[in-house]
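> Would you be able to build a 3D model of this:
(chains A and B)
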Amino acid sequence: MLRVESITYKLNKRPLLKDISFSIRPGEMVALLGSNGAGKSTLMRLLSGERKPESGRIMLYGDDLRDYKRKILATKRAYLQQHNPVTMAFSVKEVVMMGRYGFKGLPSAKNDETAVLETMELCGLLDFADRSMLSLSGGEQQRVHLARVLTQLWDNPDAVLLLDEPTNNMDLQFQHQTLSIAAAMAKKGYMIIVVLHDVNLAAQYASRLIILKDGRKWWDGTPAQVLTPQHIYTAFGIHAQAYTDQSSLKTVIVPKEIKLDAAKFNSNLQAAGQPIYNLANTSIDELATI
Amino acid sequence: MRRLSIYTLLSAGLLVSICFSLASGAMRIPIKEVIDTLTHKLGFTLFGNSGHGINQSVIMMIRLPRTLLGILVGAALGVSGAAIQGIFRNPLAEPGLVGISAGASLMAVLIIAFETFLFSGLSQLLGYYLLAFGAFAGAGITAMLVYNLSKVNGQANVPTMLLAGIAINAMAGALTGLVTYLADEQKLRSITFWMMGSLGGATWQNVGCLFPFVCIAVFGLPFLAKGLNLFAIGENQVELIGLNPHRIKILVVVMATMAVGASVAVSGIIGFIGLLIPHLTRLIGGVDHRFVLPVSALMGALVLTVADLVSRLIVQPIELPIGVVTALMGSPVFLYILIKDKKKLVN
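Below you'll find the predicted structure:
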């Protein structure tokens, strides 16, 4: 299991993460939610080892991440970043294969071909196999990188898969397919941590939600426990209603529409005598209700 | 299969151009005699006679070392260019453009200028090695400098890299010029030699000196090919996939700058080969470094041999600086990459 023990992280003396603790058991799929700058991606960077925590530690199966050998850790953890720019015209198949580069000489190297073929098929990439990465759209590229991280962990169900906004640039079909793949892997023992912006997508697929705000963990629990109108307002600053979908028993969030009059914030559109609002001390939320 | 035929074709081309290179020049020697001389030296006879004494001396003393030097320098620049581009994640990173060659030549010139009162006791061969190591140090220092200057958020930033290259080239060029004018010595070759490059100074001795440096790069760099492939998807992914990015980076920079530095020490700055060769290689066989690195070495050897042939023949009996020929071939490629990637470079 993965245990995060009271980690803090500062960048230029500005605290980005404060005293965060939680643990994940095999088979859990946890979604990290929160507004921009809440610390989701920073937490992922710490979990991926790209940054080191200022204090606290991250334990994987009882050992500190920092004590793992690089090669062993590569079989136990993979990380899909938010942005994955590829600068040279590598073929789709080669990029997926890169997930297995570290396994040369390890026993699992014999599974390389199977892992590549199966993940490419799963992510709908077989038709693209020989296309250059540079010729793909953003969503298609994201699918290739998803296939690459899946390939890396394909034969190791006690691994951790970190997905930072995996649905970026993906169309509706692939957003759902991506998360359903992750949820299915979790059912077989993988630990999945996924950063999402779409609260409903998170509630549908994740077994547990963690909401971050200002670098702290605010709520941690099942979608039904975490997604209340109050919590949503505190974390995201929007009014919303929470329902339970009767057929699937999943929690569904419906944010309230914000109705605005452009004349209230654009002085060019103001009619004579209309009041002028200063956005510096009036939020858009308040503007809508005035 | 396709790759095998590329190797075969390039090797055959290299053999043919070697023969032409040995045959042509101020004194034309029949190809048959060239082959005779070579086979005779290797211990067997093909056509029965071993050629005239004078022709044999011209081949063995002048043309063969020069041709071999061209092959070594071309292979060194080709494979180093490809590897450095892999680390910088960009096809425009070239030893000449980013200032690595200039750093090497500056160090070489400084060492030659101060040699008399610093290391006058050194033997000839040791002097060559000192020169090569000095040039390697100059190349290595500039490579690390440019890399760190151009790194923004862990990724090499192309405009900064090219601008840093301009600044370093200008500075090193000016200092090289200054030293070559101040140190009025016979052994200090002209500034054109250092700025434009020349294979004219070839001797068996400097071929022998360059050989180990080039071999290390040509046979060592391909072992890092997979790691270089991973650099294309981001430096931090190298680590996550289980390879050591720092080790790869240091090994690539050391091997590449060693080869470039040693080449510059014996032949000056021969520009654009490091840009042109990997680009051509990727065009014919894709971007996988397991292919690009060895083929760039082979292609570099071939192209530089041909370029040297052209530089000797085009305005006979005068010899063009070889850098003029390679720049004529390489700068259009540079422009082509710029035009093609214009949008990406701005981002």
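> pLDDT wise, what is residue 39 at?
Reading this off chain A. Looking at residue A:39, its pLDDT reads 93.
> you looked at the wrong chain, it should be chain B
At residue B:39, pLDDT is 80.
> Equivalent analysis for residue B:43, please.
pLDDT recorded at residue B:43 is 73.
> What number of residues are in the vicinity of it?
If you count neighbours by other CB atoms under 10 Å in any protein chain shown, residue B:43 ends up with 6. From N, CA and C alone the C-beta is placed, and that goes for glycine too.
> Any figure for the gap between it and chain A?
42 Å (CB to the nearest CB, to the nearest Å).
> quick one: that residue from residue B:65, how far?
20 Å (CB to CB, to the nearest Å).
> same question, residue B:303
Counting by CB to CB - residue B:303 and residue B:65 are separated by 19 Å.
> From what I see, residue A:33 and residue A:208 are in contact.
No. Contact criterion CB atoms under 8 Å: residue A:33 and residue A:208 do not qualify, at 11.0 Å.
> out of these two, which sits in the more crowded spot?
Neighbour count, other CB under 10 Å: between residue A:33 and residue A:208, residue A:33 has more, with 28 against 19.
> give me the number of residues near residue A:42?
Around residue A:42 there are 19 residues (other CB under 10 Å).
> And for it, nearest residue in space, chain neighbours not counted?
In space, residue A:42 comes closest to residue A:16 once its chain neighbours are excluded; the distance is 4.7 Å by CB to CB, 6 or more residues apart in numbering or on different chains.
> Can you spell out which helices and strands pack onto the one helix or strand the one you found maps to?
Residue A:16 belongs to strand A:14-24 when assigned by DSSP states H and E. On a contact count with 3 or more CB pairs under 8 Å, 6 or more residues apart in numbering or on different chains; DSSP states H and E, strand A:14-24 meets strand A:2-11, helix A:40-47, strand A:55-60, strand A:216-221.
> And residue B:166, how far from chain A?
Following CB to the nearest CB, the distance that separates residue B:166 from chain A is 21 Å.
> How about the contacts made by the closest residue to residue B:280 other than its chain neighbours?
Nearest non-adjacent residue to residue B:280, counting by CB to CB, 6+ apart: residue B:299, 6.2 Å away. Neighbouring residues of residue B:299 by CB atoms under 8 Å, 6 or more residues apart in numbering or on different chains: B:10, B:78, B:277, B:280-281.
> how about 6 Å then?
B:10, B:78, B:277, B:281 (CB atoms under 6 Å, 6 or more residues apart in numbering or on different chains).
> which one of the residues you listed sits closest to chain A?
Using CB to the nearest CB, residue B:281 is the member of the contacts of residue B:299 that lies nearest chain A, at 12.1 Å.
> Tell me which stretches of the stretch 51-200 of chain A form helices.
Along the stretch 51-200 of chain A, counting by DSSP state H, counting those that start in this stretch, helices occupy A:70-76, A:92-97, A:112-122, A:138-153, A:172-187, A:199-205.
> Same list as before, those that is, but in a markdown table and with distance to residue B:263 and mean neighbour count included.
Output for these, formatted as a markdown table (distance: least, CB to CB, whole Å; neighbours: other CB atoms under 10 Å in any protein chain shown):
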| stretch | distance to residue B:263 | mean neighbour count |
| --- | --- | --- |
| helix A:70-76 | 34 | 18 |
| helix A:92-97 | 31 | 24 |
| helix A:112-122 | 38 | 18 |
| helix A:138-153 | 37 | 24 |
| helix A:172-187 | 49 | 17 |
| helix A:199-205 | 56 | 22 |
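> between the ones you listed, which one is nearest to residue B:107?
Residue B:107 lies closest to helix A:70-76 among the helices of the stretch 51-200 of chain A, at 35.3 Å (CB to CB).
> gap between the strand holding residue A:16 and the chain center?
How far strand A:14-24 lies from its chain's middle: 16 Å, per CA atoms, centre = their mean, to the nearest Å.
> what angle do that strand and helix A:40-47 make?
For strand A:14-24 against helix A:40-47, the angle by axes from the mean of the first three to the mean of the last three CA atoms, to 10 degrees is 70 degrees.
> Strand A:14-24 to helix A:172-187, inter-axis angle?
Computed by the same axes, to 10 degrees, the angle between strand A:14-24 and helix A:172-187 is 60 degrees.
> quick one: buried residues of strand A:14-24?
For strand A:14-24, burial by neighbour count (16 or more other CB atoms under 10 Å in any protein chain shown) applies to A:16-17, A:20, A:22, A:24.
> Can you tell me the strand partners of that strand and which way each runs?
Looking at strand A:14-24 with DSSP bridges, its partner strands are strand A:2-11 (antiparallel).
> How about residues contacting the partner strand?
A:16-24, A:53-60, A:160, A:191.
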